[in-house]
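**Q** fold the following.
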Amino acid sequence: MTDEKKTAGQVAIDDCWNRIGVWSEAAEPCPELESVDHCRNCPVYASVGRHLLDQPVPEDYGKEWTSVFARTTTVTKENIQSAFVFRTGGEWFALPAKLIQEVVDMGVIHSLPHRSTTILRGVVNVRGKLELCFSIGGILGISRFEKTVDEDEKYISPERLLVVEWEGERLVFPVSEVYGTFRFAEGMLQQLPVTVSGSKAAFTKGVLSVEGFDVGFLDDHILFGALMRDM
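**A** Reported below is the predicted structural model:
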């Protein structure tokens with residue numbers, strides 16, 4: 001800001017807003033402020049703005065912006081995935097959400113004569129159709145676990161049946177509790193701790209942190225491949 005007249009191109013600009021206007025510290029302000037309240041509302045201020053916009057474009061202006069728009073930019077696309085989180089026994093796991101067809105209420109699991117095992121539980125009625133029912137806990141080596149609930153807790157998630165479609169096959173397995181869908185970036189999937197071993201390590205891609213608790217993200221190809229071989 002200065003009290004001198006400024007020049008842009010061939011047009012002399014009297015920056016009265018800096019001399020006697022709202023941006024001035026002069027003892028005697030512009031008398032027009034009583035009617036316009038602010039220099040932005042003054043026709044003199046608007047006229048100077050139009051003069052500046054009407055000035056010829058500097059010779060280097062076009063070249064400068066051409067070079068700006070000609071720059072190549074690298075856009076990094078973050079791979080966002082969706083996991084469906086559930087609890088079996090006392091541990092939390094997740095599968096790719098796209099595999100989950102539906103979640104239904106727990107039904108009666110009917111054992112198959114001479115066929116039922118710790119992994120193949122039997123068959124269950126899902127909307128009038130008998131589906132094979134497997135035990136995720138059985139193949140992962142998870143023992144049965146009863147969740148303890150504080151007396152003040154108002155809601156206890158019931159056991160449910162997850163209906164999964166994998167490579168054209170529908171598979172059903174019971175879970176102790178359902179959390180739901182969780183979206184995560186690829187970098188959020190952490191490596192398994194060295195303390196995890198056995199079946200859990202073989203069938204798990206990595207660990208997700210979901211609201212403060214660890215969730216094992218299962219490798220569906222290895223897991224369901226093993227289930228189909230067992231069947």
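
**Q** and the helix or strand containing G62, how far out from the chain middle?
**A** Assessed by DSSP states H and E, G62 sits inside helix 59-70. Relative to the chain's own centre, helix 59-70 is displaced by 38 Å; criterion: C-alpha atoms, centre = their mean, to the nearest Å.

**Q** same check on stretch 207-216?
**A** On C-alpha atoms, centre = their mean, the centre of stretch 207-216 falls 15 Å from the chain's centre.

**Q** report the buried residues of that stretch.
**A** Using 16 or more other C-beta atoms under 10 Å as the test for burial, stretch 207-216 gives V207, L208, V210, V215, G216. Just so you know, the C-beta spots here come from the backbone N, C-alpha and C atoms, and that holds for glycine as well.

**Q** and for stretch 48-62?
**A** Buried residues in stretch 48-62, counted by 16+ other C-beta under 10 Å: V48.

**Q** can I take it that L223 is in a helix?
**A** Yes - under DSSP: H, G, I helix; E, B strand; the rest coil, L223 falls within a helix.

**Q** ok, now which ones touch the nearest residue to it once chain neighbours are set aside?
**A** Spatial nearest neighbour of L223, chain neighbours left out: F203 (4.8 Å); criterion: C-beta to C-beta, 6 or more residues apart in numbering. Contact analysis of F203 by C-beta atoms under 8 Å, 6 or more residues apart in numbering lists I139, L140, L218, D219, I222, L223, A226.

**Q** how many neighbours does the fifth one have?
**A** So that's I222. 13 (other C-beta atoms under 10 Å).

**Q** relative to E167, how far out is it?
**A** Distance, I222 to E167, using C-beta to C-beta, to the nearest Å: 13 Å.

**Q** R71 too?
**A** Counting by C-beta to C-beta, the gap from R71 to E167 is 46 Å.

**Q** next: Q55.
**A** For Q55 relative to E167 (C-beta to C-beta), the value is 68 Å.
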